[in-house]
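A.B. asks: generate a structure from the sequence data that follows.
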Amino acid sequence: MKQLKHVMRQITGLVVLGSLLALASCAEKQQAAAPAEAEVEKETIVWKLAQTWGTGFPIFGDAVIKMADMVNEMSGGELEIRIDSANKHKAAFGILDMVKAGQYEMGHSASYYWKGKDPNTMFFSTMPFGMIAPEQYAWFYYGGGMELMKQVYDQHGVYSFPGGNTGNQMGGWFRKEINALDDLNGLKMRVPGFAGEILSRLDVVVTNIAPGELYTALERGTIDALEWVGPSLDLNMGFQKIAPYYYTGWHEPATELQFMVNKAAFDALPGHLQEILVTAMQYAAYDMYARSYHDSAVNLASIEEEYPDVKIRTFPPEIIAEMKRVNQELLAESAANDPTFRKILDSQTAYMKMARKWTEISDYAYLKDNLE
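C.D. replies: Now for the predicted structure:
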């Protein structure tokens, strides 16, 4: 565990990645110059990774492929990671259990999917009305978030690492316009995490559906509305063909996916492979954030031309105010019953209060004064 803690603290950016690549290049040159009889072929360690996403799923799945390719390259083939999509293992929401059991050494999913097993896992994806992505990344790496995440996942025999951020997600696709609180009564909606708990209190019929089944559920009327990600992925899913009202977000301001690693498997790796793996995960995660932002910007620009019937809306102030009230009520209830929940909530609340002051006088002030 000391080795892991050392790795977490040392891996702070792409400088480390560059250093590792330089070392790998130097090592290759030295090996090439050495006599052939002195070369010793290293045994390849083969791991399997299970992901929630289907075969060929863009952005999310691409981040996993990028991570695995980097590990293979930086380790000189010493560590190979083979990826199984949900199409193969048939358990989109079973990733935590499979990694915990050692059926897979690694997994890629979203931490809030495990709220039924452990509500404290929700904090490490995103929380309604919580931190935006830059604030949350700062909290993870410099505000104690990684240590708190380790405490939660230690109980499950798993290490969890940030696995890619979508940025602020949209509030969802709705068949009908939402004008008042009464419009939520009996609405059937796919929405995960703590947001689902909030909407349940507002008489929404909440469900969670695997990504590969979302379009069919909306098309057949199994659900009336859903939230997925944002323009980066939503348009490719085709939701705009069925539900024309597209609402801005409130529930997932910084949705972080996760890489999970079986503790025993990670601890058994040589130190240099641990460092390579953590570096590759961190790079792939931040690269996914940049890719998500880019694709959302590009796809949003295409909506007006390609999908003129899509109507972008913001929830009325009355609804937002009620969501905030219920959110605070639920947070207080959960914190009163769970010391760990309280500890993580206090950490995030204090950090956001501190960081938000800088956000307000930097990004927010700039945008407010310069948006036309």
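A.B. asks: strands along the stretch 1-150 of the chain, start to end?
C.D. replies: 45-51, 79-84, 106-110 (DSSP state E, counting those that start in this stretch).
A.B. asks: for the closest residue to residue 266 other than its chain neighbours, grab phi and psi.
C.D. replies: Leaving out its chain neighbours, the residue that sits closest to residue 266 by C-beta to C-beta, 6 or more residues apart in numbering is residue 159, at 5.7 Å. Quick note: C-beta positions are derived from backbone N, CA and C, even for glycine. When quoted as degrees, to the nearest 10, the phi and psi of residue 159 stand at phi -100, psi 140.
A.B. asks: repeat for residue 94
C.D. replies: Phi and psi for residue 94, reported as degrees, to the nearest 10, are phi -110, psi 10.
A.B. asks: what distance do you get for it to residue 258?
C.D. replies: 15 Å (C-beta to C-beta, to the nearest Å).
A.B. asks: and the two? which has more neighbours close in?
C.D. replies: residue 258 (28 against 19; other C-beta atoms under 10 Å).
A.B. asks: might one say that residue 242 is in contact with residue 175?
C.D. replies: Yes: between residue 242 and residue 175 there is a contact at 7.0 Å, judged by C-beta atoms under 8 Å.
A.B. asks: ok so, going back, ranking the strands of the stretch 1-150 of the chain by burial, who's on top?
C.D. replies: Greatest average neighbour count among the strands of the stretch 1-150 of the chain goes to strand 106-110 (a mean of 27), per mean count of other C-beta atoms under 10 Å.
A.B. asks: partner strands of that strand, with direction?
C.D. replies: In the sheet, strand 106-110 lines up against strand 45-51 (parallel), strand 256-262 (antiparallel) (DSSP bridges).
A.B. asks: in CSV: these, plus mean pLDDT and distance to residue 64.
C.D. replies: Below are these laid out as CSV (pLDDT from 0 to 100; distance: least, C-beta to C-beta, whole Å):
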stretch, mean pLDDT, distance to residue 64
strand 45-51, 98, 6
strand 256-262, 98, 8
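A.B. asks: how about CSV for those strands, with distance to residue 276 added?
C.D. replies: Below are the strands paired with strand 106-110 laid out as CSV (distance: least, C-beta to C-beta, whole Å):
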stretch, distance to residue 276
strand 45-51, 11
strand 256-262, 13
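A.B. asks: for the closest residue to residue 324 other than its chain neighbours, give me the backbone phi and psi.
C.D. replies: Setting aside the residues directly before and after it, residue 324 is nearest to residue 129 in space (C-beta to C-beta, 6+ apart), at 6.1 Å. Main-chain dihedrals, residue 129, degrees, to the nearest 10: phi 60, psi 30.
A.B. asks: do you know how far residue 129 is from residue 357?
C.D. replies: Relative to residue 357, and taking C-beta to C-beta, residue 129 is found at 17 Å.
A.B. asks: related to what we said a few turns ago, how many residues are close by the residue nearest to residue 324?
C.D. replies: 17.
A.B. asks: can you give me the strands in the stretch 151-300 of the chain?
C.D. replies: Assigned by DSSP E, counting those that start in this stretch, the strands in the stretch 151-300 of the chain fall at 158-165, 172-174, 188-190, 205-207, 225-226, 245-247, 256-262.
A.B. asks: bridged to the residue most central in space within the chain, which residues?
C.D. replies: With distances taken as C-alpha atoms, centre = their mean, the residue of the chain nearest its centroid is residue 257 (1.6 Å). Bridge pairing for residue 257 (DSSP bridges) gives the partners residue 110.
A.B. asks: list the contacts for it?
C.D. replies: Applying C-beta atoms under 8 Å, 6 or more residues apart in numbering to residue 257 gives the contacts 60, 63, 108-110, 125, 162-166, 285, 288.
A.B. asks: for residue 44, which of the strands of the stretch 151-300 of the chain is the nearest?
C.D. replies: strand 256-262 (18.0 Å; C-beta to C-beta).
A.B. asks: now the angle from the closest one to strand 158-165?
C.D. replies: Inter-element angle recorded for strand 256-262 and strand 158-165: 150 degrees (by axes from the mean of the first three to the mean of the last three C-alpha atoms, to 10 degrees).
A.B. asks: number of nearby residues for the closest residue to residue 198 other than its chain neighbours?
C.D. replies: Excluding its sequence neighbours, the residue lying closest to residue 198 (C-beta to C-beta, 6+ apart) is residue 326, at 4.9 Å. A total of 17 residues lie near residue 326 under the criterion other C-beta under 10 Å.
A.B. asks: where does residue 326 land in three-state SS?
C.D. replies: Classification of residue 326 using DSSP: H, G, I helix; E, B strand; the rest coil returns helix.
A.B. asks: wait, it touches residue 196, no?
C.D. replies: No: distance between residue 326 and residue 196: 11.7 Å, which falls outside the contact criterion (C-beta under 8 Å).
A.B. asks: quick revisit: what two of the contacts of residue 257 are the furthest from one another?
C.D. replies: The widest separation within the contacts of residue 257 (C-beta to C-beta) is 14.9 Å, between 63 and 125.
A.B. asks: sounds good, over and out.
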